[in-house]
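1. build me a structure from this.
(chains A, B, C and D)
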There are 2 protein chains.
Amino acid sequence: MNVITIRDVAQAAGLSLSSVSRALNGGKNVSARVARDVVAAADRLGYQPDFLARSLRTRTSGMVGCLVSDISNPLNATIVQAAEARLREAGYMLVVVSTGNDPARERAAALEFRGRRLDGMLVSPGSDANEKTWRELVAGGTAVVILDRDPLEGDGDNRWPAVLVDHRAGAKAATRYLIGLGHRRIALLTADERMRPSRERIAGFREVFAEMGIDPAGARLCIQASPMDFAHGHTLAILRADGAPTAIVALGTRILAGVLRAARDLGLSVPRDLSVLSVGDTDLAAVHTPAITALRWSLEDIGRAAAELLLQRLRGDVGQAQHRALLPVDLVLRDSCAPPARS
Amino acid sequence: MNVITIRDVAQAAGLSLSSVSRALNGGKNVSARVARDVVAAADRLGYQPDFLARSLRTRTSGMVGCLVSDISNPLNATIVQAAEARLREAGYMLVVVSTGNDPARERAAALEFRGRRLDGMLVSPGSDANEKTWRELVAGGTAVVILDRDPLEGDGDNRWPAVLVDHRAGAKAATRYLIGLGHRRIALLTADERMRPSRERIAGFREVFAEMGIDPAGARLCIQASPMDFAHGHTLAILRADGAPTAIVALGTRILAGVLRAARDLGLSVPRDLSVLSVGDTDLAAVHTPAITALRWSLEDIGRAAAELLLQRLRGDVGQAQHRALLPVDLVLRDSCAPPARS
DNA sequence: AAGGATTATGGAAACGATTTCAACAAGCGG
DNA sequence: CCGCTTGTTGAAATCGTTTCCATAATCCTT
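-> Numbering: from 1, shown residues only, chains lettered A, B, ... in the order given. You can find the predicted model right below:
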């Protein structure tokens, strides 16, 4: 079962390789007769071009890589899927690799991408450790777009193309809302502070406390950096301690699940005894009884915007093109927050 | 910023291309001196091989494709991630494409995979429509492993390599359990009957009814084929009708969410007024109050087993190798099922 | 109708690796 | 010391395309 090449087509049509190639690529300088014959022969033989050979010659692979911490996380998966749809539309194929936030694997994958001559990359770095790698790639001609991270926040003018979510504004809205309800002791359960989303959220939180003239120390603003899977135990500990928070802001499905389970274990009723607010809107938040008030942003928009930014660069429109997109965050009011009980 | 090739390494080391290639690929017949010099030169220059060129020559790309209906579905994503981890370990790179169960896109992606000379594919066909495509691929030398589908169930001996989940046994266990609790009117909300998982579940269901001598017609065994997003409305309709079911078996996160929401809307208490059993164990099922009894199987195992099967074929161990893996399903008892109220 | 400008065609050289093959060196037994 | 085997090395072919360049053909202009 031998594959048929452009040679076979040329022979079948009684033409030269160059003519066939030109005809198939819709190049100029092709007579109608030749075009017709070539297409006919190609169809008859069932010719399928070899992308590898083509890529080798043209030095563009038509593939785009995506580095993400964990594709089994629905939030990431949704972003990736939206990006993939847009990129496929434009003729690119998306290759996804989960790095588990391990800088070594991140770097290895990035180098492999380069070795495979991928045209561009969407990356969501797990830390700032690989800044050098991204620089290398960019210098080597790879188009890179960052997903909701900002490894070079202080770099002034020459910033990375990136798609960012306005987590700070979201956190501020949530905090204002809870403080407005009367809460003063609020726990914020979020991931590692080194990553942009958490960093921004924490900053937003603090800003609002300062704005309102509330001392954040007395407020028991509480940030946890332990892995997500410990959320359940961690929450139990927090809620059992003296001066336990009256409201908890929890990041994402996993932590939210831990918090809700902890509340149930302690016999606390939401929202009577404890207000809960989810950062990120998931099935769990929407369906839980009571339904959980949540911060929501569009994952599809992130994926689409990232793809669009990358396509811009792949087309070479780097000049006046915008470098970054900032996506809004909404506060979806549901039933899981209420004024705190008398304390 | 020109990329450096094997030529440059050869020149720097004062050797021929062939020697360098042999040395780098750990081939035989390489003197210690040459090996040392080559590695030194390659390191010094920062040489990175071009996978494209290599693939073109060796006719193997080191890439494996994965066709899946929807990567943003956590169940699929988990499978994919496990497979990816195993394949990466073996030096392969996984390319994932979401097809949305559209046969045309499926076929297009499969052909593109072939055009890019992917060595193998994991596919989870959305229907039987593309049977011909898979046959073509296999005939063309691509290793194909099917994920929890069985497009050629009746084919006797020459079956596809596939990883299957024992949905039938799972459904039987669930059905026996519900009938044992006293339920007679059970609704089964599941996807399109054309796909193996649903087909098997329905068969299992029916088997148990027959086994127990219960007439399935009177039992209101009820199968819905409408898209998942309509689960909420559909459930409302079912529960409002005469002879409404006393138990609902719901497939996956989305449908389960719809069912729970419908129950809440109607003021039905789970499990007092309605027993609910989830097919597939998700965060939502585990955390919901009450916690939802669920059928569980290991997604990681599916991914790993599929990768293993594919690697076997890629290594050419087709002979005595086993064609397929059958994975078990467990019934996880929680709090969402109880004997039906007096009707 | 001739000359120059444009356009269609085919031959051959890339692209960057692997692999075959022949040449050459060294080791070894007799 | 010769012939044979074994082990190293480099030149060249190859993978399937695209693209540069030279040449042949066609068109337009005066």
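
2. from here on, contacts and neighbour counts on C-alpha atoms
-> Will do.

3. that's a strand at A:G100, yeah?
-> No. Checked against DSSP: H, G, I helix; E, B strand; the rest coil, A:G100 lies outside a strand; its state is coil.

4. list the contacts of A:V138.
-> When contacts are counted by CA atoms under 8 Å, 6 or more residues apart in numbering or on different chains, A:V138 is found next to A:V144.

5. tell me which element it falls in.
-> Assigning secondary structure by DSSP states H and E places A:V138 in helix A:131-139.

6. can you list the strands that whatever helix or strand A:G65 lives in pairs with?
-> Under the criterion of DSSP H and E, A:G65 resides in strand A:63-68. Looking at strand A:63-68 with DSSP bridges, its paired strands and their directions are strand A:93-98 (parallel), strand A:120-123 (parallel).

7. isn't A:R22 right up against A:V30?
-> Yes. Counting by CA atoms under 8 Å, A:V30 is a contact partner of A:R22 at 7.0 Å.

8. and the helix holding A:V138, which residues are buried?
-> Counting neighbours by 16 or more other CA atoms under 10 Å in any protein chain shown, one finds that the buried residues in helix A:131-139 are A:134, A:137-138.

9. after that helix, which helix or strand is next?
-> Heading C-terminal from helix A:131-139, the first helix or strand you meet, by DSSP H and E, is strand A:143-147.

10. give me the contact list for that following strand.
-> With CA under 8 Å, 6+ apart as the test, strand A:143-147 has contacts from A:119-125, A:134, A:137-138, A:160-164, A:302, A:306, A:309-310, A:313-314.

11. narrow those residues to just the buried residues.
-> A:119-125, A:134, A:137-138, A:160-164, A:302, A:306, A:309-310, A:313-314.

12. partner strands of the helix or strand of chain A with the lowest mean pLDDT and their direction?
-> Of all regular secondary-structure elements in chain A, judged by mean pLDDT, DSSP states H and E, the least confident is strand A:222-223 with a mean of 70. According to DSSP bridges, the neighbouring strands of strand A:222-223, each with its direction, are strand A:186-189 (parallel).

13. and the residue of the stretch 201-343 of chain A closest to chain B?
-> Among residues of the stretch 201-343 of chain A, the one nearest chain B by CA to the nearest CA turns out to be A:L284. It sits 5.3 Å away.

14. name the nearest residue to that residue, ignoring sequence neighbours.
-> In this structure, A:L284 finds its nearest non-sequential neighbour in B:L284, 5.3 Å apart by CA to CA, 6 or more residues apart in numbering or on different chains.

15. tally of neighbours for that neighbour?
-> When neighbours are defined as other CA atoms under 10 Å in any protein chain shown, B:L284 has 24 of them.

16. that one is in contact with A:A286, isn't it?
-> No. Under the criterion of CA under 8 Å, B:L284 makes no contact with A:A286, lying 10.2 Å away.

17. how about the contacts made by A:R304?
-> Applying CA under 8 Å, 6+ apart, we find A:R304 in contact with A:79, A:82-83, A:86.

18. mind listing which of those residues are in strands?
-> Residues from these lying in strands, with DSSP state E as the criterion: none.

19. save those residues as a markdown table, and put in pLDDT, distance to DNA strand C and neighbour count too.
-> Shown next, in a markdown table, are the contacts of A:R304 (pLDDT from 0 to 100; distance: CA to the nearest atom of the strand, whole Å; neighbours: other CA atoms under 10 Å in any protein chain shown):
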| residue | pLDDT | distance to DNA strand C | neighbour count |
| --- | --- | --- | --- |
| A:I79 | 95 | 33 | 24 |
| A:A82 | 96 | 33 | 20 |
| A:A83 | 96 | 29 | 26 |
| A:R86 | 95 | 29 | 18 |
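
20. now, among these, which is nearest to A:T253?
-> A:T253 has its nearest neighbour among these in A:I79, at 15.9 Å by CA to CA.

21. without its sequence neighbours, what residue ends up closest to the closest one?
-> In this structure, A:I79 finds its nearest non-sequential neighbour in A:G303, 4.4 Å apart by CA to CA, 6+ apart.

22. so that neighbour is in which element?
-> Using DSSP H and E, the secondary-structure element containing A:G303 is helix A:299-315.

23. all helices of chain A, in order?
-> Taking DSSP state H as the criterion, chain A carries its helices at A:6-13, A:17-24, A:32-45, A:51-58, A:74-89, A:103-115, A:131-139, A:167-181, A:196-211, A:231-240, A:252-265, A:283-287, A:299-315.

24. show me the one of those helices that comes nearest B:A263.
-> Set against B:A263 and scored by CA to CA, the helices of chain A come closest in helix A:283-287, at 11.0 Å.

25. now for that closest one, which elements pack on it?
-> Using 3 or more CA pairs under 8 Å, 6 or more residues apart in numbering or on different chains; DSSP states H and E, the elements in contact with helix A:283-287 are helix A:252-265, helix B:252-265, helix B:283-287.

26. show me the domain layout of chain A.
-> A:6-49, A:60-165+A:299-327, A:167-296 (automatic domain parsing).

27. tell me which of those domains lies nearest to B:M212.
-> Closest among the domains of chain A, once you apply CA to CA, is domain A:167-296, at 35.3 Å.

28. could you give the separation of the strand holding A:G65 from the chain centroid?
-> Here strand A:63-68 shows a centroid-to-chain-centroid distance of 11 Å under the convention CA atoms, centre = their mean, to the nearest Å.

29. so what's A:A263 up against?
-> Under the criterion of CA under 8 Å, 6+ apart, the contact list for A:A263 reads A:236, A:269-270.

30. can you put these in a markdown table and add pLDDT?
-> Converted to a markdown table, these look like this (pLDDT from 0 to 100):
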| residue | pLDDT |
| --- | --- |
| A:L236 | 89 |
| A:S269 | 92 |
| A:V270 | 87 |
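
31. just those now: which is nearest A:N2?
-> The shortest gap between A:N2 and any of the contacts of A:A263 belongs to A:L236, at 64.8 Å (CA to CA).

32. could you check how far that closest one is from A:R261?
-> Computed with CA to CA, to the nearest Å, the distance linking A:L236 and A:R261 is 9 Å.

33. those two: who's more crowded?
-> Set side by side, A:L236 and A:R261 give different neighbour counts by other CA under 10 Å, the larger being at A:R261 (22 against 17).

34. under the pLDDT cut-off, which ranges of the stretch 151-300 of chain A? List them.
-> When residues are selected by pLDDT under 70, those of the stretch 151-300 of chain A lie in A:151-159, A:218-220, A:224-229.

35. tell me the contacts of the residue of it found nearest DNA strand D?
-> Using CA to the nearest atom of the strand, A:P161 is the residue of the stretch 151-300 of chain A that sits closest to DNA strand D, at 27.4 Å. Applying CA under 8 Å, 6+ apart to A:P161 gives the contacts A:144-146, A:309, A:323-324.

36. neighbour-wise, which one of those residues leads?
-> In the contacts of A:P161, the most neighbours by other CA under 10 Å go to A:V145, 28 neighbours.

37. beta partners for that one?
-> For A:V145, the residues forming beta bridges with it (DSSP bridges) are A:L122.

38. how about A:I186?
-> Counting by DSSP bridges, A:I186 forms beta bridges with A:A247.
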